[in-house]
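*Asks:* just need the structure, nothing else, for what follows:
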Amino acid sequence: MSTTEMSELRRTIGQLRQCVGALRARYGEAPAVRRLANDVERLDIDAVELDQTDPVPAQRPADRPEVVKVPDEPYDPALWEGADDEGVGGYQRHQS
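*Replies:* A predicted model of the protein is given here:
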């Protein structure tokens with residue numbers, strides 16, 4: 001993350017911490033307040049970890065995988081002639 005992004009993240013986590021503190025003053029140690037406090041702590045831990053991680057280089061358009069379009073029309077039933085139907089006991093040929 002850039003310094004600006006990291007500063008903004010740290011500032012926002014600080015605001016969340018203050019808000020949760022105000023909620024704690026109003027609702028005490030209600031389970032929801034404890035979970036929110038835990039979530040803010042987790043965000044803080046993740047932000048520190050992210051700040052110590054090297055950024056991934058941005059992908060160029062050429063690095064993107066090719067998009068394969070699948071048509072909406074039904075497949076030709078001839079494609080399935082003679083194929084086993086898994087889970088139904090397999091294909092059985094009728095002899096004349």
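*Asks:* what stretches of the protein score poorly on pLDDT?
*Replies:* Judged by pLDDT under 70, the chain has its weakly predicted residues at 1, 59-63, 85-96.
*Asks:* so where do the helices sit in it?
*Replies:* 3-27, 31-51 (DSSP state H).
*Asks:* and of the ones you listed, who's closest to G82?
*Replies:* Nearest to G82 among those is helix 31-51 (54.3 Å), distances taken as CB to CB. Quick note: C-beta positions are derived from backbone N, CA and C, even for glycine.
*Asks:* give me the contact list for that closest one.
*Replies:* 1, 6, 9-10, 13, 16-17, 20, 23-24, 27 (CB atoms under 8 Å, 6 or more residues apart in numbering).
*Asks:* dump the C-alpha coordinates for it into PDB.
*Replies:* As requested, the backbone C-alpha atoms of helix 31-51 are provided in PDB (Å, rounded to 0.1, in the frame of the first residue of the first chain):
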ATOM      1  CA  PRO A  31     -21.500  -9.600  23.200                       C
ATOM      2  CA  ALA A  32     -21.900  -7.400  20.100                       C
ATOM      3  CA  VAL A  33     -19.600  -4.700  21.500                       C
ATOM      4  CA  ARG A  34     -17.000  -7.300  22.300                       C
ATOM      5  CA  ARG A  35     -17.200  -8.700  18.800                       C
ATOM      6  CA  LEU A  36     -16.800  -5.200  17.300                       C
ATOM      7  CA  ALA A  37     -13.800  -4.500  19.500                       C
ATOM      8  CA  ASN A  38     -12.300  -7.800  18.400                       C
ATOM      9  CA  ASP A  39     -12.900  -6.900  14.800                       C
ATOM     10  CA  VAL A  40     -11.200  -3.600  15.200                       C
ATOM     11  CA  GLU A  41      -8.200  -5.300  16.800                       C
ATOM     12  CA  ARG A  42      -8.100  -7.800  13.900                       C
ATOM     13  CA  LEU A  43      -8.200  -4.900  11.400                       C
ATOM     14  CA  ASP A  44      -5.300  -3.300  13.200                       C
ATOM     15  CA  ILE A  45      -3.300  -6.500  13.200                       C
ATOM     16  CA  ASP A  46      -4.000  -7.000   9.500                       C
ATOM     17  CA  ALA A  47      -3.000  -3.400   8.700                       C
ATOM     18  CA  VAL A  48       0.400  -3.900  10.400                       C
ATOM     19  CA  GLU A  49       0.900  -7.100   8.500                       C
ATOM     20  CA  LEU A  50      -0.100  -5.600   5.200                       C
ATOM     21  CA  ASP A  51       2.200  -2.600   5.800                       C
END
